[in-house]
Structures are given as C-alpha cells and as structure tokens.
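Fold the following for me, if possible:
(2 chains, ligands or ions: 2)
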Amino acid sequence: MTPKTRDAATAQKDDSQLRQKEMIAAHYSRLARTHETGERSVYTFVPGNLTELIRNFDLLPVLPEINALQSAMRGKSKEYIAAAEREGHSEDVCTYVKCDVGMKRAGNVGPTGERLPDPDLLLLSYTGCFTFMKWFEILKREYDCPVTMLHVPYQGEGEITKSMRDYVVEQIKKKVIPALEKASGKKYDEDKLKEQLRRSAQAEDDLVAVLESAKHKPSPIDAYFGGVYYIGPIFTAFRGTQDAVDYYRLLRAETEEAVRAGRGPITPSGELKEEKYRLVVEGPPNWTNFRQFWEMFVDEGAVCVASTYTKVGGVYDAGFRHDPDRPLESLAEYCLGCYTNLNLPSRVEMLERYVREYQADGLLINSIKSCNSFSAGQLMILREIEERTGVPGGFVESDLVDPRYFSGANIKNRLESYFQMIEQKRQGVTA
Amino acid sequence: MTSQSIAALVESANQLYRDYDFTSVKEWKARTGGLAIGFMPIYVPRELLHAQGCLPVGVMGGGDDLEIIRGDAYYQSYICHIPRSTIELGLGGKLDCLDGMLFPAICDVIRNLSGMWKLEFPGKLSRYLDVPQDFEDDMGGVFYRAELEELSADLARRGARPYDAEALRTSIAVYNRLSALVRELYQLRRDEPWLVPTAELYCLLRAATIWPVEDAILHLETYRDLVRADASRQPMDQARVILAGSFCEQPPLGLIKTLERSGCYIVDDDFVQVHRWLVQPVSTAGDPLDALVSAFLHHAMDSPTRYCGEATKGVELVQRVAAAAAEGVLLCAPSFCDPALLDQPMAVDALEAAGVPWTAFKYAENNGQFQVIREQAGTFADSIKLWSGV
Ligand code: SF4
Ligand code: SF4
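Ligands and ions are numbered 1, 2, ... in the order given. Model (predicted):
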C-alpha cells in the first residue's frame, strides 16, 4: 500500500456516479413493481442487446449477466452456485449460469433486495457466446413464457458480410418484432425507434469521448474497473433514453474537467494521485472481490487505460454508431460487432491498437476459469501482443462470480512480479 | 478365418486414424493432386468438398498416444483437450499435408481456434463454418446457402475444381450411401450388439473420416458382411446402455473397451457424428446446394450444439433409449465441454422423469487410466442387470 499516491481512503463519488446509481435503482424498483403497474419484462443478454427495440414496446429489459455480477458483488454468488451444483450443474461450466439458476431458486431477488419479475419473453440474443443458448434453454424450463432466438453469426472471416446482416435483419423483422408485439400488446413504431437510435448515437459519442480521455497522461479514468461503471447505462437498460443522453453528457463534462485539471481516476480509495503504469486489460473482471482486485492496481499506481471487456456491449470506439436512418440494419450491425463476436485476429488487432494509441506499458489478461468465449486463445493473444508491440504481457486467473477461484495472495504476487517486469523493461530502455 | 479378417480390418482402421502423420492423406494427394481439407467435429458438408475434388479429412484431436509439448502453452488447464492436441498436430507439422481446415460452429473453443489457426498458419485456408440456429428456409436457409457458396468459392480459389451442380449431386449420392451404411451398422448393433462391439465400430468410424468415401464404403460393407457371418460372436449377459455426450472430443479407445469389459453393451452413442448428422438421405433431385441446406435445417440430429427451439431438452435422448431398448444411459462428456455439460442437467431431468437409470463421468481424449470408470460402469451395469431380472 502506498498511501502517498492517493487521497485518504474516503470514497469519493462524482455526480455522474450518483446519477447512475439513481437511474439503476429506479429501473430495478420499476421492475419490482410490475405486478402493480402491469409493465412487462424481457430477459436478454448484454452482447447484442436490443434495448431500443425492447423499449420501443415499453418493455423493461432484464439482463441475467448483470444480475449475476450484482449477486457476486453482494456476496450471494457462492450460495447460488452451490445450489445449482447441488442440482447437477457441472463445476466446469460458466458460473454466471449457475449463479442465475441459484438466484432463481432463492426467490429471484435482485440487487436492490426486491424480487425481479418473471419474464414475459426470453429474447435469446445469441451473440458472441455459445453459453447463451444453453442458458436460455435452461431458463425456458423455469418460466412459462415464450423464447425467441436471434441468431447472430460470428465474424469468422473478420468482417460483416451482407448475408450476415440480412440474416439478422430478417430475424428481427420476422421473429423478434412479432414476439415483442405479442409480449407487449403494442405495435412496432419505427419513427419512435429512429428517435431512440438518434439518442443512442448521441450518448455513444459522449461515451467514446470518455473512453478516449484515457489517452491523456495522467488518464482521468480507469477504463476497466471504472469502465464497467461508465458504460453501465449504455447496456444495462437505458440506451436510447434521454436519461442516457443526460448521463453521458454529464460524465463527459466531468471527464473533460478532470483532464483540464490533470486529475487521475477516482478509485474505491479516492483519487489516484500518481499514475505509474498504464495497462490495457483483456478479459472480464472478477466480481466477488472486485474492490480488492482493483485496489491491487491502485496500490501500485496502475491505471487501466483501455479494456476489451467494456466492448462486449458494443465497439463504439471503433466507430460503430446506431444509425436512425437504417434502424434495423444498424441494430443488426450492432449485434454483429460486439467484442466477443470478433475473431481472434480482430481481437489481437484491437488490443495492439489500444497498446499503441493509449501508450500502454503492458497488456494484462485476467483469464476467467469458466468463460471459454474469452479464455480460449488468450495465451496466444498475449504472445502476439508481446511480439507486435514489445510491451510485456501479464497473466492472472480468477473467475467472474465464483469466489472459490479468487486467490487474492496469488494474484497480488503475480501482479507485483508483473509490475517489476515492466519496471525492468523501462530501465532496460533508459539504460 | 472370419474373426481374423475382422481383426485385421479393425486394426488397419485403428492404425489409420492414429497415424498422426496422415500418411494415407499424403499418398492420396500424390496420387490425385487434389486438395486435402481437414475438418473438426461435428459436421461439415463433405459432399461439397468431394464434389470439388477435395479429400475431407477428419481432425478429431489426438488420443492417449499423442504427446503434448507445445499445445499446453496455448491453453489454460480449464479448457478441454481437443484444441491443444489439434494445435500440437499443427505446430508439429503433422497437418502440413492439409491445404485447409474447417472449424464448424459448435462452441466457443472451436470458434476461437479458427482464429488462432489464421494467425498461426496464415498461408492455409482456415474457415469457420457458421451454421444457422434459425431453421426457417427463408432465414437460416438463405444464410447457410451463402456460407456454403463462400466455402465453395474459397476452395476453388485454392485450386479445387469449381462448383458443379451435377458433380455435387453425384457426391451427395455417394455420401448418402455412406450414411446409410453407418445407420445400418448402428441398427445391427442395436439388434445384436454382440455382433458389433463398439470398440470396433468406433475405429472404423474414425478411419472413415480419413479414408476416401469410396474406400470407406467398401470397408464398412466388408465389416458388416464379416460380422454377420461370424458365428463365434454370441450374446452375453451385458447391460444395454446409451453413451451420450461424446460428440466432439472423442474418448480414447481404451475407455470404450473398458466400458464394454465392465459389462455394458453400448447400443447407441454420439461418436463421430459426421457420418450420421443428416438423419435422412439428402435429395438428389433439384438444386443440390439447396438440398444440402434443407437437409441441415430439417433433417439433422438433435445435438447440444443445436438450438432446441420449441422442443423440450432431453426428450430426444429418452426417445433414443426407447428406440435402442436401452436399459440405462452413461453421460460421458469431455471435461470442460460446455455444450455437453450445460446440457447435462436437462438430460438428467428428462431421464429421471422417464425412469431411465443413468450415471455420469468425464474424460479427456488422452486419459490412460480407467480404473475408476471401470468400477463405476461395472456397478451401474450390475445394478441394471439386477433390477431387470426382478
Ligand atoms: S461470455 Fe463468458 S461469462 Fe459471459 S455468458 Fe458467456 S461463458 Fe459466461
Ligand atoms: S470438447 Fe466441447 S468445449 Fe471442447 S471443443 Fe469440443 S464441443 Fe467445444
């Protein structure tokens, strides 16, 4: 611990963080009251989520991955996973799924302590992860509601072809929209969708400005640990709403002010005063020990200046914007473009670009034990980036929501050795 | 005499699929000048490759006799074994005789491997073969046809014969013959499992992913005729079981032998499904590419890798139990196999609802010790026999 690098450990919060907290709390409370209000909900996944379209029908999105990670942050995931494993779910598979199954068994209580509604529709946006398909096959048996599958092809050849886009658009038109109409009892309103997408693009512009602010030295943001907060509303439930536009405008203004003032990111222990290492991070974070994990970086003066995990909900910094003039096509391209839907060469290119553009000192991979979508191939990614950029690579292992696979001492040791390696490399260069 | 011929045929199949130098493929290439295209489990449309003069070559990982030297540096310990043995074969130059590799869309591991292959072997054709999870002709069908057209064009760019509808029709007919034979052998095993030990059938099915299809047909016909004529093969008191979950990473032969020795007749399984993926003959009338597409959409096997749509998971397994008159199910999945293991609780629920006994264990393709599995399967077989006699 090097307290001189940051403020005393008083948790600071920006206005944007408070605003976001309110938005999310209001969303969950609205979900909890659906039995009174008659509002209906759609369960769907983060990558390739069709939030604008869902909201076009005044339906409320629920994202099981977010529930799982929230359960982990509240210390509930251990018992949920144990409950699922007792029912026969394998110890080898994605812990998000088991956490979700266990949460259902425990009464489907959401992060605010209130019960989440049963879904009126399971919208299986099958993008970037095979597990999604199994996850909703499992949930389908739990709920008495229809399931609609939106199959999003993989960018195996590193591009989005016309045939891929057409396939997704056709499914949206012929399956997804009719299913949403049925679930909501409302008609599809394309003018409204265009307006929503216009607002999405506005918020996306501001989000990209925030993410790219990390190119400054010192970086005013942490684009991995902080990044999961910054991008939250874009994928949680708010894309396409005025709330999201306002939130990102506020966040951007705060970030620009931090750049002007030369401030570092706000961390769980206050502002980071001295930026010693700039890292690009690949892979999801650990949620069970999120704060502890983040503080291991803070203690060393390490800032994550770019991350891939924050792109599972969209690759806006690579230029993608929702386009009101091509509403369904642009929704299709959004689904097709999510990070985990990119092939390995494209992932490597993205990371290489990040290392160079964000002037990073290294690439750190947090490999998740139960996530093949991210983890299979990461060792090769590491070597490729080291070869292409010359920066050292670091590798730690944990799990998303299973606390059994978070070994704090082990990770801390590895990180310390890694930072030493970066230091040696620097000295080698300056010697 | 017959027994000796069977043993020789099975042994030659065994040698062939364990030949990691792919000598037979090299010989085929020298003889024909055609392209050899590797494919991973589960299914690729071999008819299309064949029609363009290519040899489809099954790359089903390594077994217990492939030493992994480099592969472990590519994969963490919590990822299944088949991608590391495949990378091992590639880095060791064993797959140099292949002009390309196809990676079917069955899970994220094979999906990501397709990109690793592109990075590691930039000069070779490396294609992820996406398949639809929507089974409507005007959506998934249109998409899948475009995928096949691109594959066909890619092959032609690499020197394969250009696409020709008549040639594809002919190839479809040849592969229909192979599938029919495999189904016939599966039926024979269901009817008289003592005639078709699974350890033998498995070797033949593995080799049949490497033999040119015409040779595969001849060998399977020979095997069928020989076992039918072998009077030394007599029924034993064994439990009839279905082995489910081994559709990608294939178990070592020793595991199958262990199960059979522990008192089980395996009367249905998920091995080497490429031969049986299409459950009906593909039409040879009309547009042959459309026929392949339609067969994939409407006449493919149920699989954990295929979206179940409105169907209820596990029902198909229960139906297979009935069709094979099986007395129990061995859920036998590779460690860390998402599709198999995520499916398993649903399969278990369906089996229990139908009152079908089951047991589960995991394996890796390079396992060499089967003591625990032998005991587990033996106890399971004994309990079945005990209860069936009551
Ligand atoms: S991306 Fe990884 S963590 Fe997310 S659902 Fe898929 S396997 Fe689980
Ligand atoms: S064994 Fe299972 S997880 Fe591994 S590559 Fe095959 S299907 Fe994928």
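
hey, where'd the helices end up in the stretch 201-350 of chain A?
A:227-230, A:232-236, A:242-261, A:290-299, A:327-337, A:344-357 (DSSP state H, counting those that start in this stretch).

Show residues contacting the fourth one.
Where contact means Cβ atoms under 8 Å, 6 or more residues apart in numbering or on different chains, the residues beyond helix A:290-299 that reach it are A:1-2, A:5-6, A:72-73, A:222, A:225, A:267-269, A:272, A:279, A:285-286, A:303-304, A:398, A:406, A:408, A:411-412, A:415. All C-beta atoms are positioned from the backbone trio N, CA, C, and that covers glycine.

Go ahead and confirm A:Pro345 touches A:Glu157.
No: at 9.7 Å, A:Pro345 does not count as touching A:Glu157 under the criterion of Cβ atoms under 8 Å.

okay, now B:Arg240: neighbour count?
Applying other Cβ atoms under 10 Å in any protein chain shown, we find 21 residues neighbouring B:Arg240.

same deal with A:Ser373?
25.

A:Ser417 now?
10.

ok, it to A:Glu397 distance?
From A:Ser417 over to A:Glu397 the distance is 14 Å, taken as Cβ to Cβ, to the nearest Å.

for chain A, what spans make up the strands?
A:41-43, A:60-62, A:121-126, A:147-151, A:266-267, A:270-271, A:277-282, A:302-307, A:362-368, A:393-398 (DSSP state E).

Name the stretch among those that sits most buried.
Among those, strand A:302-307 has the highest mean neighbour count (mean count of other Cβ atoms under 10 Å in any protein chain shown), at a mean of 29.

residue contacts, the residue of the stretch 51-200 of chain A found nearest ligand 2?
The stretch 51-200 of chain A approaches ligand 2 most closely through A:Phe130 (8.0 Å), counting by Cβ to the nearest ligand atom. Neighbouring residues of A:Phe130 by Cβ under 8 Å, 6+ apart: A:372-373, B:106-108, B:111, B:305, B:338-339.

a markdown table please, covering the residues you listed and showing pLDDT.
Below are those laid out as a markdown table (pLDDT from 0 to 100):
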| residue | pLDDT |
| --- | --- |
| A:Asn372 | 96 |
| A:Ser373 | 96 |
| B:Ile106 | 96 |
| B:Cys107 | 97 |
| B:Asp108 | 98 |
| B:Arg111 | 98 |
| B:Thr305 | 96 |
| B:Asp338 | 96 |
| B:Pro339 | 97 |
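
Which ones, among these, also lie beside ligand 1?
Applying Cβ under 6 Å from any ligand atom, the subset of those adjacent to ligand 1 comprises A:372-373.

Next up, phi/psi of A:Ala106, please.
Backbone geometry at A:Ala106, expressed as degrees, to the nearest 10, gives phi -90, psi 10.

Neighbours of it, how many?
13.

out of everything not next to it in sequence, what's closest to the closest residue to ligand 1 within the stretch 301-431 of chain A?
As assessed by Cβ to the nearest ligand atom, ligand 1 sits closest to A:Cys371 within the stretch 301-431 of chain A, at 3.1 Å. Of all residues not flanking A:Cys371 in the chain, A:Cys94 sits nearest, at 6.1 Å (Cβ to Cβ, 6 or more residues apart in numbering or on different chains).

swap in A:Gly107?
Nearest to A:Gly107 is A:Arg115, by Cβ to Cβ, 6+ apart, at 6.1 Å.

What pLDDT does the model give that neighbour?
With respect to pLDDT, A:Arg115 scores 94.

Look up how far A:Asn108 lies from it.
Distance from A:Arg115 to A:Asn108, by Cβ to Cβ: 6 Å.

Let me see the backbone angles for the residue nearest to A:Cys371.
Torsion angles, degrees, to the nearest 10, at A:Cys94: phi -50, psi 120.

Point out where chain B drops to low pLDDT.
Scanning chain B with the threshold set as pLDDT under 70 gives B:1, B:388-390.

ok, which stretches of it are strands?
So, for chain B - with DSSP E - the strands run B:36-39, B:55-58, B:100-104, B:125-129, B:239-244, B:264-268, B:328-334, B:358-363.

Would you mind saying which of these lies nearest chain A?
Nearest of those to chain A, taken as Cβ to the nearest Cβ: strand B:125-129 at 2.8 Å.

list the helices and strands that closest one packs on?
Strand B:125-129 sits against strand B:100-104, helix B:108-120, helix B:142-157, with contacts defined as 3 or more Cβ pairs under 8 Å, 6 or more residues apart in numbering or on different chains; DSSP states H and E.

could I get the ones you listed as TSV with mean neighbour count?
TSV is the format used below for these (neighbours: other Cβ atoms under 10 Å in any protein chain shown):
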stretch	mean neighbour count
strand B:100-104	25
helix B:108-120	25
helix B:142-157	19
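
Could you pick out the residues of the stretch 101-250 of chain A near chain B for me?
A:126, A:129-131, A:133-135, A:137-138, A:141, A:149, A:151, A:153-154, A:156-157, A:161, A:163-164, A:166-167, A:170-171, A:174-175 (Cβ under 8 Å from any Cβ of the partner chain).

hmm, back to that, and of the strands of chain A, who's closest to B:Leu188?
Set against B:Leu188 and scored by Cβ to Cβ, these come closest in strand A:147-151, at 37.4 Å.

Could you check the angle the closest one makes with helix B:142-157?
20 degrees (axes from the mean of the first three to the mean of the last three Cα atoms, to 10 degrees).

Fine by me, thanks again.
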